[in-house]
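J.: Turn this into a model:
(chains A and B)
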Amino acid sequence: MALFRQLFQFKGKHADMVRTLVDKLGGSGNCRNIDIFYISIVMGIWQNKIATIDDDKKIEPAKIDSEQMIRYEDDIIFFYRLVMLSDKKYCLSEKERVDKAFRIIMKPEATDDEKHFVEVMLGGLEFLNAQICLNTITENDRLNKIKNLVELYQEQYGTITAESLRVVE
Amino acid sequence: MIIKKIIIENFRQFYGIHTIEFSTDKEKNVTLIMGDNGTGKTTIGQAFTWCLYSEVKQLKKPDNLLSSKLQKEMYDGWNRDLAVTVVLIHNNKTYEIKRKKTYHKENGIIKDALPQLTISIDGDISYKTSDKQENLINEILPKELSEYFFLSGEKIDSMSTEIQSGKSKDFENAVNTLLNLDYYKDAIKHLKSISNDYDTLSIDNSSEYEKKLNENINTLLFKKEDKDNLVKTKNDSIAYNTEQEIDIKSKLRTMHSSKEYQEQKDYEEKKLTNLNTGVEEERNRAVAYFINKAPYFFAKDAMSSSLETLRNASSIKTDDIPEKLHADLIDWIEKGHKCICGRAFENDDDVYKVLEEWRKIVPPESLGNIITSMKSKIIDKCSRGDDLFSDIELKTKIINEKNSDIEESEEKVTSLEDKIRDSDDTSELQSRLEKYQQEDKDFYTEKDELVQEIANINLELAKAQREKNELMLKSSEGKKIIRCKEITNNLLSYFEDELSKDEEDKRNKLIAAVNDAFKNIYGNVFPISIDETYHVSAKTENGLSPGQGMSIVFSFLSGLLKIIKENDEANQDSLESYPLVLDAPFSVFDKKRIKAICEILPRVSEQVIILIKDTDGDIAKEEMNNKIGVSYKLLTVNNSEEETNIEKE
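T.: Residues are numbered from 1 along each chain as shown, chains lettered A, B, ... in the order given. Below you'll find the predicted structure:
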């Protein structure tokens, strides 16, 4: 409950990363902190990477206000559940993963899970920042890096489509 | 005329005596003389013109013709000869034309004497005075025409340039003489002058009035001549200006002003801006796709894995219960003993029982509905990421193409900037052109006025002539003069008519022959036209290339020689066929054109002598093999340009 319906703040170096990413991907004017938040979650899951919160107070936090968090609550819960259900490293038992995704979610005992969710997201954020912003000179370079990232994932998981999932179900 | 041989003695590179016998075979009528640059091909052409006309073109020191090797060998007191002998057949007689110059060395300085010319006809040396000898050569091959038959690469090039620039005056003289039109024209000129003379004649015992009338006629004739001269001057000025205008226009066509380049640059820069905007838009679209679809595209594995987890989870009921319905709500309703519809109930009522049943299947007791919803969300959201790969691939492809266009456009802009920096200033030429055009307008106005004045003078003259004729008819002497004038004028009309008919006939034949030849050489690309003054031109959209210009020169000569040959066959005495001596004729042609010219050349003249460099010579040999009667090779001695030997192959 604490995570989903209130102001969320990227702190320390992560705040800088979010601001840089929004700036670099915001050419179309459509990139917001929450977009970076979403992409970071899935990058974290893909890379199986976590990062701890950087609480450097000298750096101004990057925020997603509570109103936006409430508006996108369903999506955030969806990604939270994906993290809980798919992260076998965090929780080995299938039953426990289902419980974390559906029963414990938003309850006081979900605090550690929420912390883990944020750490996965921050791990993804660091990866995304390294891939998109580091050693990039021109806009064309950046687009090529995005293309490389997409190609890499496509090579690994290109066979998974909505249709293939539907067939299995 | 057929050239049998040339004997060259100590003439420039040709130290000692060298003889070239040319092919006189009617079938194998080509003589090929091959040599690398500097071996003396042009010198052979120069030897011909020196022997025939004592003239050497394209030489920095035309007096220094004696072999430099010989000059070094000479001691004080020595005399040595330089000579060229041309043996030719003309009107079934053999002419041996020899020009000789003796050099004497004294005090280390070599001095030359005046050249001596000797001509023998069938072995008879009877032409001793030089005037007669020179006249005889001019009868065989007029000097002014010789340059059309001893054609150097430079001459071919200059004729070609004339055609390309739209002025081809040279051709008129060639046609008039070669097609015997000069005879007509000379006769007409002569008769006109006689006719004019009759106008001024008066009878011996004429009255005062007649004398005054004659004076008036003379004055009018003088005035008319004066005005005619002025018209001629205006025409010359107009012709000069037109030539200048053609020159300037031709220069302007090849020049680009900075303004033109700037306009091209502006266009290119606008294109560049559009391309850059286009790239930016495509890039923004690609990034927008990434932002919107990446959360689902990069979650495919997690989604697949989550679905697997959900499939394996046991005891999950999948009743159709709203997702957010939770046991807490049931607790709250039971606690208040009042349904959300407002109906009150007790713990043993049916409503209570239903609520207790629901408790079993809503969270946290049962997750079926939530899981079902999650599964369906996973599939739905997965579909939202499906296209990201193809979208990004397509956009990057479009962007790369545009970037390549941008690079090309940027290069163009840079190149145009260079050109703007180095561009010619056309304003000076433009103002000169306008000056000539304005002058032309004035000249035409003045000419019109003069023509009007001449017309008035003619009226007055006719009136005075009528009066004079009436008076003259009163005496027998006068009648005689009038009769003579009538006869002269009748003759004049006859010659003018004949010239007109003959000229038109010959020009039409010439046009057809020239176009035929051009078609053979260059293919049916565009027609060549020849106007009344033998101005040769070709209508093309983009102007003529040097190769096309040269092809037209060959076509013109070929056409002209064909007409001469036809006339020759029709009237053996009237016209002579000429040999064609070509120096480096293929230098600007590609292999295909050389082949075409090789095919046509043996047919255009009874005798063709080609001086050619080795590489082109091999192609010529291959293409004209069955037409080559004899071939020679020019070889330098000890790799020095000082001495060349001629070897028959």
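
J.: contacts and neighbour counts: CA atoms only from here.
T.: Fine.

J.: Not counting its neighbours along the chain, what's nearest residue 8?
T.: Picking chain A for this. A:I64 (5.1 Å; CA to CA, 6 or more residues apart in numbering or on different chains).

J.: was after chain B, sorry
T.: B:V84 (4.7 Å).

J.: give me phi/psi at the one you found?
T.: phi -130, psi 130 (degrees, to the nearest 10).

J.: What about it, how many residues nearby?
T.: Residue crowding around B:V84 was assessed by other CA atoms under 10 Å in any protein chain shown; the count is 28.

J.: How about B:S383?
T.: When counting by other CA under 10 Å, one arrives at 19 neighbours for B:S383.

J.: for B:F222, same thing?
T.: Neighbour number of B:F222 under other CA under 10 Å is 12.

J.: and the closest residue to B:Q607 other than its chain neighbours, what is it in contact with?
T.: Spatially, and ignoring its direct neighbours in sequence, B:Q607 is nearest to B:P579 (4.6 Å; CA to CA, 6+ apart). Neighbour list for B:P579: B:1-3, B:149, B:605-609 [criterion: CA atoms under 8 Å, 6 or more residues apart in numbering or on different chains].

J.: one more time with 6 Å
T.: B:605, B:607-608 (CA atoms under 6 Å, 6 or more residues apart in numbering or on different chains).

J.: What is the nearest of the residues you listed to chain A?
T.: B:V608 (67.4 Å; CA to the nearest CA).

J.: measure stretch B:527-537 end to end?
T.: 9 Å (CA to CA, to the nearest Å).

J.: still on that earlier bit, narrow the contacts of B:P579 to those in strands?
T.: B:V608 (DSSP state E).

J.: how close does the residue nearest to B:I8 get to chain A?
T.: Distance of B:V84 to chain A, given as CA to the nearest CA, to the nearest Å: 78 Å.

J.: State the distance from the residue most central in space within chain A to chain B.
T.: The centroid of chain A falls nearest to A:I41 when counting by CA atoms, centre = their mean (1.7 Å). To chain B, A:I41 is 8 Å away according to CA to the nearest CA.

J.: Assumed B:Y183 was part of a helix.
T.: Yes - counting by DSSP: H, G, I helix; E, B strand; the rest coil, B:Y183 is found in a helix.

J.: Check what pLDDT it gets.
T.: Per-residue confidence (pLDDT) for B:Y183: 75.

J.: So, low pLDDT: which residues of chain A?
T.: A:1-2, A:27-29 (pLDDT under 70).

J.: Tell me where it has helices.
T.: Using DSSP state H, the helices of chain A run over A:12-25, A:33-47, A:66-71, A:73-86, A:94-98, A:111-132, A:139-157, A:162-168.

J.: Contacts for the first one, please.
T.: Residues external to helix A:12-25 that are found in contact with it (CA under 6 Å, 6+ apart): A:31, A:54-56, A:59, A:61-62.

J.: which of these lies closest to chain B?
T.: Set against chain B, the nearest of the contacts of helix A:12-25 by CA to the nearest CA is A:C31 (6.9 Å).

J.: Quick check: phi and psi at that closest one.
T.: phi -100, psi 130.

J.: How many residues are close by the closest residue to B:K621 other than its chain neighbours?
T.: Sequence neighbours aside, B:I628 is the residue nearest to B:K621 in space, at 7.4 Å (criterion: CA to CA, 6+ apart). Residues near B:I628, counting by other CA under 10 Å, number 22.

J.: ok, A:I34 - contacts?
T.: Here A:I34 is in contact with no residue (CA under 6 Å, 6+ apart).

J.: now swap in B:Y103 and tell me
T.: Contacts of B:Y103 by CA under 6 Å, 6+ apart are B:79-80, B:111-112.

J.: for the stretch 151-300 of chain B, what are the low-confidence residue spans?
T.: Checking the stretch 151-300 of chain B against pLDDT under 70 turns up B:152-158, B:160-174, B:177-180, B:202-206, B:250, B:253-258.

J.: in it, which spans are helices?
T.: Counting by DSSP state H, counting those that start in this stretch, the stretch 151-300 of chain B has helices at residues B:153-165, B:170-178, B:181-200, B:208-254, B:258-297, B:300-312.

J.: Need the ones you listed in CSV (columns: distance to chain A).
T.: Below are the helices of the stretch 151-300 of chain B laid out as CSV (distance: least, CA to the nearest CA, whole Å):
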stretch, distance to chain A
helix B:153-165, 51
helix B:170-178, 64
helix B:181-200, 77
helix B:208-254, 41
helix B:258-297, 5
helix B:300-312, 5
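
J.: Can you say which of the ones you listed is nearest to B:I333?
T.: helix B:300-312 (31.1 Å; CA to CA).

J.: which residues sit against that closest one?
T.: A:85-86.

J.: now it, how far from the centre of its chain.
T.: 77 Å (CA atoms, centre = their mean, to the nearest Å).

J.: Stretch A:12-22 now?
T.: Between the centre of stretch A:12-22 and the centre of its chain there are 13 Å (CA atoms, centre = their mean).

J.: What residues of that stretch count as buried?
T.: A:12-19, A:21-22 (16 or more other CA atoms under 10 Å in any protein chain shown).

J.: can you check stretch B:507-524 too?
T.: For stretch B:507-524, by 16+ other CA under 10 Å, it's B:507, B:509-522.

J.: same deal with stretch A:77-93?
T.: A:77-87.

J.: Take the residues you listed and write them to JSON lines, including distance to B:E21.
T.: Output for those, formatted as JSON lines (distance: CA to CA, whole Å):
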{"residue": "A:I77", "distance to B:E21": "108"}
{"residue": "A:F78", "distance to B:E21": "105"}
{"residue": "A:F79", "distance to B:E21": "103"}
{"residue": "A:Y80", "distance to B:E21": "106"}
{"residue": "A:R81", "distance to B:E21": "107"}
{"residue": "A:L82", "distance to B:E21": "103"}
{"residue": "A:V83", "distance to B:E21": "104"}
{"residue": "A:M84", "distance to B:E21": "107"}
{"residue": "A:L85", "distance to B:E21": "106"}
{"residue": "A:S86", "distance to B:E21": "103"}
{"residue": "A:D87", "distance to B:E21": "103"}
